[in-house]
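[1] starting from these lines, generate the structure:
(2 chains)
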Amino acid sequence: MKILVCISNVPDTTTKIKFAEGNAAIDTTGIQWVINPWDELSLTRALELKDDAASGVKSVTVVHVGPASSEPTIRKALAIGADDAIRVNGESADAWYVASQIAEVVKKEQFDIIMCGIESSDYNGSVVGGMVSEFLGIPSVSAVSGIKIENGQPVLTREIDGGKEVVTVPAPFVAVVQKGIAKEPRIAAMRGIMMARTKPVKLIEPLATEPLTQVVVFEKPAPRAACKYIDADNAAQLIELLQNEAKVI
Amino acid sequence: MSVLVYTENWDGKFKKLSFELVSYAAGIAKMMGSAVTAVSIGKVDETELKKLGNYGAAKIISVTSDQLASLDNQAYTSVISDIASKENSSVIVISNNNTGKAIAPRLAVRLKAGVGSGVSKLPLNLNPFTVYKRTYSGNAYAHLVIKSPVKILTLAQNSFDLVETANNATVENVNIAIDGSLLKTVVKDVQKQTGKILLTDADVVVSGGRGMKSPDNWSSLVELASLLGAATACSRPVSDEGWRPHDEHTGQTGKIIAPNLYIALGISGATQHLAGISSSKYIVAINTDKDAPIFEAAQYGIVGDAMKVLPKLVEAVKAKK
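    From the prediction side, this is the model:
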């Protein structure tokens, strides 16, 4: 069984976002780029499955759609333990563009399980995984918080309203992964970092695909009003304010 | 041309988000001079279906099929895309929840439609079609132009007020036979808590962090939530430690919520946590550290020990009842 983990290259979550080019683009000065948190958890779980001989997972490949500047993020995925990587050499213009490129990769390389984070922490789009599955005409399971392989059969846990469901689905399929899939992201050990330098990164030129959406301008959220403090000894006053001033209870 | 909205029900009753979605779709339809068609999948009776008309749906298509008892992304997409094509829908509105995130992207590929996900306002412009959406985990918002003839919008929950605009809606019952080859997702087990207030649907959320000190201290937090008709939530360390279930974790990698009131007890407010709750209309922070970042996001704050403040809040709410 071969797993493909789709990874996105995003600003570190603590980055103070600033904009350039008349607020039409992010100001990349000083940004630390990381693997999208959900993708990192996906990769961790994929590697756990590979470590378990009973699962029958033979390889874990990562794919990324982005320019050469995103190579450090790909190398980090390799350092964590991915066997190899594919980079589609295009600007990730929008979800449609990215998903169509990943679908082409899957068509050529044939993977059994494709894992995508449910969301990326930059555009918060939440659609790439679902789009990949529809481009390929294969099933997708969304909001996946658990994945295991029992007797060659993938068994997934997905979140539903007020609970969860355990489902099976035939391979190949896309698992759109959320929190819970792995406890903590795996950290690269020194040996992994050394080995990552020699692992293959296959470069693929992108398909000519027109994006369907475009961000024309970014804006910052309106600042919140200053906090009104209530004395801890007079906590009942808080309930009074919530009831009569904010009118939310 | 119509605006199509996919509604969701919970045991045969529409979720609040469905009325929000219809209100939002009606707002777009008004801008476009068109009408709203609502799609419901599952067993919902006529009286309940008609409620969608109270928010502006002109036509309600009710699909019932035992084959659609549980979510199969391909099958649901097939049903909704067929209806969208038949209704000549140029805008399709879906919730930005787990179900919406499952269906919207597949529908987008099927209909060659651009997606504006997590939108929170009516379109800023119809030509070019421009929506306002959350980016960078709430640290910024984008004006996104959708260039395709069909547009799919997923609406952030609790981001649009209900607007009552009574419509004498017609109900069309459709019994669709699903192509069996599409039904690939087989449900083996369901673990569902009924009677629990859904975190993403709740108007009020009471949430605890590490400042709650131990999982044994949660009973007064649960009591406060119960008195306020609120859902319970927690910060990431709390769910990672197994003090509370993962589905209560609010934050960047957990649930992103936007209730009217979010009460954070013993939560310092790491960037990742704020990313999940910053769209709340009111935030209350109770924390011992006066410099905790949660106070920067909050409108009301108490510098104090959550364990000592909680019982006082419980008593105050009881006294008001």
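[2] can we go C-alpha only for contacts and neighbour counts from here?
    Will do.
[3] ok, residues contacting whatever helix or strand B:Val79 lives in?
    Assigned by DSSP states H and E, B:Val79 belongs to helix B:73-86. For helix B:73-86, the external contacting residues (Cα atoms under 8 Å, 6 or more residues apart in numbering or on different chains) are A:139-141, B:4, B:6, B:39, B:68, B:92, B:102-104, B:106-107, B:110-111, B:176, B:178-179, B:182-183.
[4] what do you get for stretch B:13-24?
    Outside of stretch B:13-24, the residues that reach it under the criterion Cα under 8 Å, 6+ apart are B:5-9, B:36, B:38, B:44, B:48, B:52, B:55-57, B:93-95, B:122, B:155, B:157-158, B:160-164, B:201.
[5] could you do stretch B:49-65 as well?
    Stretch B:49-65 is touched from outside by B:18-19, B:22-23, B:26, B:35-44, B:162-177, with contacts defined as Cα under 8 Å, 6+ apart.
[6] in helices, which of those residues appear?
    Of the contacts of stretch B:49-65, the ones assigned to helices by DSSP state H are B:18-19, B:22-23, B:26.
[7] so which of these comes closest to chain A?
    When the ones in helices among the contacts of stretch B:49-65 are compared for distance to chain A, the smallest value, 14.1 Å, is given by B:Ser18; criterion: Cα to the nearest Cα.
[8] coming back round to it: can you select the buried ones from the contacts of stretch B:13-24 in ChimeraX?
    The following ChimeraX command selects only the buried members of these, with burial defined by 16 or more other Cα atoms under 10 Å in any protein chain shown:
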select /B:5,6,7,8,9,36,38,44,52,55,56,57,93,94,95,122,155,157,158,160,162,163,201
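[9] now the buried members of the contacts of helix B:73-86.
    Of those, these count as buried by 16+ other Cα under 10 Å: A:139-141, B:4, B:6, B:39, B:68, B:92, B:102-104, B:106-107, B:110-111, B:178, B:182-183.
[10] of the residues you listed, which belong to helices?
    Secondary structure defined by DSSP H assigns B:102-104, B:106-107, B:110-111 of the buried ones among the contacts of helix B:73-86 to helices.
[11] buried ones only from the contacts of stretch B:49-65, please, as a ChimeraX command.
    When burial is assessed using 16+ other Cα under 10 Å, the buried subset of the contacts of stretch B:49-65 is captured in ChimeraX by this command:
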select /B:18,19,22,23,26,35,36,37,38,39,40,41,42,43,44,162,163,167,169,171
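[12] ok, and of the ones in helices among the buried ones among the contacts of helix B:73-86, which contact chain A?
    If you filter those for contact with chain A, counting by Cα under 8 Å from any Cα of the partner chain, you are left with B:102-104, B:106, B:110.
[13] in CSV, list those residues along with pLDDT and distance to A:Lys148.
    Below are these laid out as CSV (pLDDT from 0 to 100; distance: Cα to Cα, whole Å):
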residue, pLDDT, distance to A:Lys148
B:Ala102, 97, 20
B:Ile103, 97, 24
B:Ala104, 98, 26
B:Arg106, 98, 25
B:Arg110, 98, 30
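[14] just give the nearest non-adjacent residue to B:Gly209, would you?
    Distances taken as Cα to Cα, 6 or more residues apart in numbering or on different chains place B:Ile267 nearest to B:Gly209, at 4.5 Å, with adjacent residues excluded.
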